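Engineer: Just to be clear, the model below is a prediction. Sequence and coordinates:
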Amino acid sequence: MALNPHDLFDVRSLLSEEERAVQDTVARFTNERVLPIIGDAFDQGRFPRELVEDIAGLGLLGSSLPEQYGCAGLNAVSYGLICQELERGDSGIRSFVSVQSSLCMYPIFAYGSEEQRMRWLPDMAAGKVIGCFGLTEPHGGSDPANMKTHARRDGDDWVLNGSKMWITNGNLADIAIVWAQTDDGIQGFVVEKGTPGFEAQEIKHKMSLRASVTSALYFDNVRVPEANRLPNVKGLKGPLGCLTQARYGITWGPIGAATACLEEVLAYTGERILFDRPVAATQSAQIKMAEMARRITLAQLLVLQLGRLKDAGAMQPAQVSLAKWNNCRMAIDIARECRDLLGGAGITTEHAAIRHALNLESVITYEGTETVHQLVIGRELTGINAF
Ligand code: TGC
Ligand code: FAD
C-alpha cells in the first residue's frame, strides 16, 4: 500500500480518536473557509475577520482551558493539531488563535483571580472579546527583562506609561495584556480598549504575515484599575510562562505550512514537462522532495512527543525551544525550496509557497528568534548563560 506522502510514518495512527476528530474538523475548516480566500487576503494585507465567529464556534479559542470558562478542555496534542491545520492555511490565522489562546486567555486563567476569569474567558472563547499581548518594546524584543514600560500605583489605580511594538491583533483587540515594570517587579495588566491615553497604531508595509494585524501600542498616563492587575504572578516568569504555551503551539504550526508547500510542488512538478519529462521525474527534484518529507516526518514525531510530555505535565521550556527552532527552520527551508521548484509561477500568491515562506520569516523571529532558542539550548547543555 502506498504511504501517505504527508505522513510517511503514519503518525496519525498514534493519535486518539478525539485527537483525530479535532484534526479532521480543523482540516475541513481550513480547506473550506481559509484556502479559498487567503491568497487574496494576503495580497490585500487584510486579516479575514469574518472567520472569527466560526473559529470560536469550533471551540478553537482557549481550547485547552476548562469547560467551566466556556472552553473546550482539549489536551495539548489537540491544541497542537489545531495550530498545524490552521497554519496549513496561513500562519496569520494560526497567529490569531495562538495569541488569543496562549498569550491572552492563558494568563487570565493562570495568573488572574476567579472574578477576572469569569469576567473575560467565556466572552474570549466565544470570540466576542479579542485580546492582544504586549511584551516586546521598540528597543529590543529578545531581552524583555530590559523593560521600560512602567506602572505606578496611584490610589485604587495604576498609571501606565510606555510603548509596545509588533503586537499581533493590536488594532483588533478589545483588551491588551500588558506587561510593565512596577516597584515590585514586572506585572501584568488587562488594559481595555478606549481607556484614555491608550492607543493602537497598525504597522503597515509588512511583507510577512500580511493576513494578520500587527500594531504598536502606546500608553500615555493610562489609568488601569487595580481590579485589572493579574494578581497571581510577579517577575519575568509571568510573560515567559505565556510564551512557553504559545511557543508550544508554534512548534506544530509550521508543519502545516511545510506540508502545504510539499503538497503543492508534488502536484506541480508531476505536471510540469521540461526536457520531455515531468520535473518530478528528475533526480534533483526527487532528492529535494525526499529531503522535505524527511524533515517533515522528524518534525511530526518531535512535536507529538513534546505534546505527550506536555499532557503528562513534564514538558520543559528548553524542549520547546529545540522544537520551535527545528520546526521553524525546517518549514522556512522547505517553503523557499518549493518556491524555487515552482519557477516563476512561485513568485505570485496564486501558489502558496511564497506566502508561507514570507510568513515564516515572522514565525522564525517572533516568540524568540532562532538565535534565542539556540542559546536557550546552549545554556541547558553547558549551564552557562551566553545571552
Ligand atoms: P531568565 O533569567 O532566564 O528567566 C527569568 C525567569 O523566568 C523563568 N523562565 C521561564 N518561565 C517559563 N517559561 C520559560 N520559557 C521561561 N524562561 C525563563 C525563569 O525560571 C526565571 O524565573 P525566576 O522565578 O527565577 O525569576 O531570563 P533572561 O532575562 O535571562 O531571559 C532569557 C531569554 C532570553 C530566554 C528570554 O528573555 C526570552 O525568551 N527572550 C525572547 C523574548 C520573546 O520570545 N518574546 C516574544 C514576545 S511575544 C510574541 O512574539 C508573540 S508572536 C505570537 C503570534 O503572533 O503568534
Ligand atoms: P532584536 O531583539 O532586536 O534582535 C535582533 C537580532 O539580534 C536578531 O537576529 C536576534 O536573534 C539577535 N540577537 C538577540 N540577542 C542576541 C544575543 N544574545 N546574541 C546574538 N544575537 C542576538 N511581540 C509581542 O510582545 N506580542 C506580539 O503579539 C508579537 N507579535 C509579533 C508579530 C510579528 C509579525 C512580529 C514580526 C513580531 C511580533 N512580536 C510580538 C515581537 C517579537 O517577539 C520580536 O520581534 C522578537 O522577540 C525579536 O525582537 P526584536 O524584533 O526586537 O529583535
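Structural biologist: Cool, got the structure. Residues are numbered from 1 along each chain as shown. Ligands and ions are numbered 1, 2, ... in the order given.
Engineer: mind listing what the residue lying closest to residue 173 once chain neighbours are set aside touches?
Structural biologist: In space, residue 173 comes closest to residue 132 once its chain neighbours are excluded; the distance is 3.9 Å by C-beta to C-beta, 6 or more residues apart in numbering. Where you see a C-beta, it was placed from the backbone N, CA and C, and this is true even at glycine. Neighbour list for residue 132: 99, 103-104, 167-170, 172-173, 175-177, 200, 215, 217 [criterion: C-beta atoms under 8 Å, 6 or more residues apart in numbering].
Engineer: just residue 105 next, same as before
Structural biologist: 61, 62, 65, 71, 120, 121, 124, 125, 131 are the contacts of residue 105 under C-beta under 8 Å, 6+ apart.
Engineer: Then residue 355?
Structural biologist: Counting by C-beta under 8 Å, 6+ apart, residue 355 has contacts 38, 39, 42, 90, 349.
Engineer: burial measure for the fourth one, as a count.
Structural biologist: Which is residue 90. 31 (other C-beta atoms under 10 Å).
Engineer: Not counting its neighbours along the chain, what's nearest it?
Structural biologist: Using C-beta to C-beta, 6+ apart, the closest residue to residue 90 is residue 38 (4.7 Å).
Engineer: contacting residues around the host helix or strand of that neighbour?
Structural biologist: Assigned by DSSP states H and E, residue 38 belongs to helix 35-44. Helix 35-44 is contacted from outside by 47, 48, 89, 90, 92, 93, 210, 211, 349, 350, 352, 355, using C-beta under 8 Å, 6+ apart.
Engineer: wait, doesn't the fourth one sit right on residue 359?
Structural biologist: To tie it back to what came earlier, the one meant is residue 90. Yes - when contacts are counted by C-beta atoms under 8 Å, residue 90 is listed as touching residue 359 (6.7 Å).
Engineer: domains for this protein, by residue range?
Structural biologist: 11-125, 131-228, 237-382 (automatic domain parsing).
Engineer: what does the chain put close to ligand 2?
Structural biologist: Within the chain, the positions near ligand 2 by C-beta under 6 Å from any ligand atom are 99, 133-136, 140-142, 166-168, 209, 214, 362, 365-367, 369, 371-372, 387.
Engineer: which residues does the residue of the stretch 51-200 of the chain found nearest ligand 2 contact?
Structural biologist: Here the residue of the stretch 51-200 of the chain nearest ligand 2 is residue 141; by C-beta to the nearest ligand atom that distance is 2.4 Å. Counting by C-beta under 8 Å, 6+ apart, residue 141 makes contact with 135, 165, 166.
Engineer: for the stretch 101-250 of the chain, which spans come out with low pLDDT?
Structural biologist: Judged against pLDDT under 70, the stretch 101-250 of the chain has no low-scoring part.
Engineer: can you map out the helices along it?
Structural biologist: All helices of the stretch 101-250 of the chain, identified by DSSP state H, counting those that start in this stretch, fall at 106-111, 114-125, 237-271.
Engineer: Tell me which of the ones you listed is the most buried.
Structural biologist: Highest mean neighbour count among those (mean count of other C-beta atoms under 10 Å): helix 237-271, with a mean of 23.
Engineer: Let me know the next secondary structure element after that helix.
Structural biologist: Next along from helix 237-271, by DSSP H and E: strand 273-274.
Engineer: helix or strand right after that following strand?
Structural biologist: Past strand 273-274, the next helix or strand by DSSP H and E is strand 277-278.
Engineer: what packs against that next one?
Structural biologist: When contacts are defined as 3 or more C-beta pairs under 8 Å, 6 or more residues apart in numbering; DSSP states H and E, strand 277-278 packs onto helix 237-271.
Engineer: Is ligand 1 within reach of the helix it packs on?
Structural biologist: Yes - with C-beta under 6 Å from any ligand atom as the criterion, ligand 1 is reached by helix 237-271 at 237, 240, 241, 243, 244, 246.
Engineer: Return the distance of that helix from the chain's centre.
Structural biologist: Offset of helix 237-271 from its chain centre (C-alpha atoms, centre = their mean, to the nearest Å): 9 Å.
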